[in-house]
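> All I have is the shape, not the residue letters:
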């Protein structure tokens, strides 16, 4: 039986769309199918073929995010699917391993995806990197004690909203750098309702809301604020709708402080695990990483384990200078080198644990307590002191 993995041709894109429609249980109109085919970029969609028949497939999107305030390229993985007659034969695993090589060649040292099952992707080195809060507030919870310090205006100025979003997104780890194409096809095309912008007392835009009111429910699609005055003012604006709504629904970052700020914090709150991340090329990622500055250099030796990307398997000597830039030297992964290196390494972990630490989702001390990071308490603290404290968040889906 002849099997191979390769990029899809333009003529094979309709077969890929059929598989997506079946696997994810939706149906596109002829116009939508034509639009997807026209917008597909060469080399992004990969298929597992058996006797020239598409059995499984995935998409690799070159994208960008922010890590510690620095723009970072990454690979967005999406549309992973297999026809039922070919399932449980390891095809998706082979596609994913092939993707690691493609990502590395393209200089994409990080990968993110929305999992159908967290445990499945953990086997291949991905780890949860972001969660969010779902809020449902009844009108009685709304913060009438807040004040609008400045002004709020409804707007159709898309460039203004984009500029506020970019400032907000850079303050989190993992937010998407939205291209003009993304804004047009993913945001504006689906925008339902109204947009309002907050201007502070200096008349500078510092926040916005995109929302819809229907059936006495206010659904907030996006709420962005650059400081606490912007947050309070936007919530006062929401409270001013109390005569026409009975409920407000929105999504917020995992560290959002709204419950503490309200008189009555007993409203419906749900923390939802969302996307996963995986460092694809540890050496490249660490070299570009922005560590905390310090008064002296820090040297850490790390024994890293990665079953599916051999270039990540080995002993890494990481030297971080006073400004937070790192130099990395790798040895291994021969058996003799690995055994000797593990004895000398200050810290040992797998690629999932390294990802969770460096993207800011979990701190080294917590992972050490959980048995995910091995080493002395002194070495753990040494690393934790050099890692910036940033919340992970993602407002988009792909």
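That came through, no problem. The structure displayed is predicted, hence computed values, not measured ones.
> Residue 152 touches residue 232, doesn't it?
No. The criterion here is C-beta atoms under 8 Å, and residue 152 misses it with residue 232 at 11.5 Å. (Each C-beta comes from the backbone N, C-alpha and C, glycine too.)
> In this structure residue 395 contacts residue 223, no?
No. Using C-beta under 8 Å, residue 395 is not in contact with residue 223; the gap is 9.4 Å.
> List the contacts of residue 219.
By C-beta atoms under 8 Å, 6 or more residues apart in numbering, the contact list for residue 219 reads 193, 211-213, 249-250.
> May I ask which of the residues you listed has the most neighbours?
Of all the contacts of residue 219, residue 211 has the most neighbours under the rule other C-beta atoms under 10 Å, reaching 23 neighbours.
> The closest residue to residue 282 other than its chain neighbours - how many residues pack around it?
In space, and not counting its chain neighbours, residue 282 is closest to residue 312: 4.6 Å by C-beta to C-beta, 6 or more residues apart in numbering. If you count neighbours by other C-beta under 10 Å, residue 312 ends up with 26.
> From residue 125, how far out is residue 312?
In this view, residue 312 and residue 125 are 9 Å apart by C-beta to C-beta, to the nearest Å.
> where do the contact lists of those two overlap?
By C-beta under 8 Å, 6+ apart, the residues touching both residue 312 and residue 125 are 306, 351.
> quick one: contacts for residue 223?
Listed by C-beta under 8 Å, 6+ apart, the contact set of residue 223 reads 207-209, 211, 234, 250, 252.
> circling back to that earlier point, wait, what's in contact with the residue nearest to residue 282?
279, 281-283, 304, 306, 351.
> quick one: pLDDT of it?
Residue 312 is assigned 98 on the pLDDT scale.
> quick one: contacts for the residue nearest to the spatial centre of the chain?
The residue lying closest to the centre of the chain (C-alpha atoms, centre = their mean) is residue 174, at 4.2 Å. When contacts are counted by C-beta under 8 Å, 6+ apart, residue 174 touches 65-67, 112, 129-130, 275, 277, 359, 392-394.
> rerun at 10 Å
The neighbourhood of residue 174, defined by C-beta atoms under 10 Å, 6 or more residues apart in numbering, consists of 65-67, 72, 74, 110, 112, 129-130, 274-275, 277, 359-361, 390-395.
> which stretches of this protein have low pLDDT?
Within the chain, the ranges that satisfy pLDDT under 70 run 332-343.
> What is the helix ranked longest in it packed up against?
As assigned by DSSP state H, the longest helix anywhere in the chain is helix 91-105. In terms of contacts (3 or more C-beta pairs under 10 Å, 6 or more residues apart in numbering; DSSP states H and E), helix 91-105 is packed against strand 3-7, strand 45-50, strand 53-67, strand 70-82, strand 110-113, helix 118-122, strand 276-279.
> any idea which of these is most buried?
strand 276-279 (a mean of 28; mean count of other C-beta atoms under 10 Å).
> Name the residues of the helix or strand just after that strand that come out as buried.
Where DSSP states H and E defines the elements, the next helix or strand beyond strand 276-279 is helix 282-288. Residues of helix 282-288 classed as buried: 282-286, 288 (neighbour count, 16 or more other C-beta atoms under 10 Å).
> what would those residues look like in CSV with distance to residue 146?
Shown next, in CSV, are those (distance: C-beta to C-beta, whole Å):
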residue, distance to residue 146
282, 45
283, 48
284, 45
285, 41
286, 43
288, 40
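> of these, closest to residue 11?
Nearest to residue 11 among those is residue 284, at 34.9 Å by C-beta to C-beta.
> you'd agree that closest one is up against residue 106?
No. In this structure, residue 284 is not within contact of residue 106 by C-beta atoms under 10 Å, at 11.2 Å.
> Provide a list of residues in contact with residue 42.
With C-beta under 10 Å, 6+ apart, residue 42 has these contacts: 7-10.
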